[in-house]
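[1] Structure for this input, please:
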Amino acid sequence: MTSPLISIIAVNYKQTEVTCQFIRSILSITYKNYEVFIVDNGSKDSLQEKITQEFATDKLKLIISEENLGFAGGNNLAIQKASGKFLLFINNDTEVAPNFLEPLIEVLETKKDVGMVSPKIIFYGTDNLVQYAGSQGINTLTGRAKKKFIPTKDVGQFNTSKYTELGHGAAMMVPMEVIKKVGMMPDIYFLYYEEHDWCELIKRAGYKAYYEANSTVFHKESMSVGKSSTLKTFYLTRNRLLFMRRNVKGVSLIFNLLFFFGIAFPINIFKYLKNRSFDHLKVFLEGIFWNLTHFKNIKDTPKLS
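    Numbering: from 1, shown residues only. Now for the predicted structure:
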């Protein structure tokens, strides 16, 4: 196998210690030809000082953004500075197996039809519970991921690498030539669904997504926004509808909107009222209203110059 330069990109938002744990893990990998970009997304915390004190390596490069540009916007800053043949986008709340990078590289070096590859993703600190082992894609009726029996304990049933419908935003590797062709991450999302949309763009350009079972990443999920935050409720609602508007057409989009407003909408209203979660109800409605008021330029994708 050849040893191309790999650009590893992670975004930090007010998670200095979590990000440092990630850096320690990445700097211990067996593959040697890589660069690491840490994008500080308007945190204004101690990350720069901590990195300067602890990590003395030319492989590590810190990009400071004065404002929070969201997941896609932060990653796009690093894309414009990256020199790698392949770019690995990985959450800062992950830790990795030492040899996780080589299988991903081998996929992209040998399977020229693959435009995005993701590893097996295990929930960190669990008894090998799998978060991702390939995806059946987004259900065009519900706008949600098609359900599989995950999380499930991994006892070897997920050890087959395969083509899949979607990569996973917690860890996904994309060739630079693909990014030059399809554009950078769609930053209109800010948070959630952007990796799904990007994967659909890549697939429409003639490439496929791939799940590589011989690579493992451990994910400390929902560290940045909290597992039940209003921020999460707003962007999941807004972007669920936005994703469908950008990627589904005709009768499928009509049925999706009928499902959302006829079934999902009243169910969520009832749930928030029953639980007296008025703050979540408010942002749920705001997420819907955003889609009712934004029509121009919603299908734009930032290009890599």
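[2] all strands for the protein, in order.
    6-12, 34-41, 60-65, 86-90, 94-96, 114-123, 129-132, 152-153, 162-164, 171-175, 208-219 (DSSP state E).
[3] looking at those strands, which one has the lowest mean pLDDT?
    Looking over the strands of the chain, mean pLDDT reaches its minimum on strand 152-153, with a mean of 90.
[4] Who does it pair with, and is each partner parallel or antiparallel?
    Partner strands for strand 152-153, per DSSP bridges, with pairing direction: strand 129-132 (antiparallel).
[5] got a list of contacts for the partner strand?
    Residues from elsewhere that reach strand 129-132, judged by CB atoms under 8 Å, 6 or more residues apart in numbering: 118, 120-123, 150-154, 158, 168, 170, 211, 219, 221. Bear in mind the C-beta positions are built from the backbone N, C-alpha and C, glycine included.
[6] These: which two are farthest apart?
    Longest distance between any two of these is 19.7 Å, between 118 and 153; criterion CB to CB.
[7] More neighbours: these two, which one.
    Set side by side, residue 118 and residue 153 give different neighbour counts by other CB atoms under 10 Å, the larger being at residue 118 (31 against 11).
[8] For residue 162, see how far away the more buried one is.
    Separation of residue 118 from residue 162 (CB to CB, to the nearest Å) stands at 11 Å.
[9] overlap in contacts of those two?
    Overlap between the neighbourhoods of residue 118 and residue 162 consists of 210-211, taking contacts as CB under 8 Å, 6+ apart.
[10] would you list the strands of the chain in TSV and tack on distance to residue 256?
    As requested, the strands of the chain are exported to TSV (distance: least, CB to CB, whole Å):
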stretch	distance to residue 256
strand 6-12	30
strand 34-41	31
strand 60-65	34
strand 86-90	27
strand 94-96	32
strand 114-123	24
strand 129-132	24
strand 152-153	28
strand 162-164	22
strand 171-175	25
strand 208-219	22
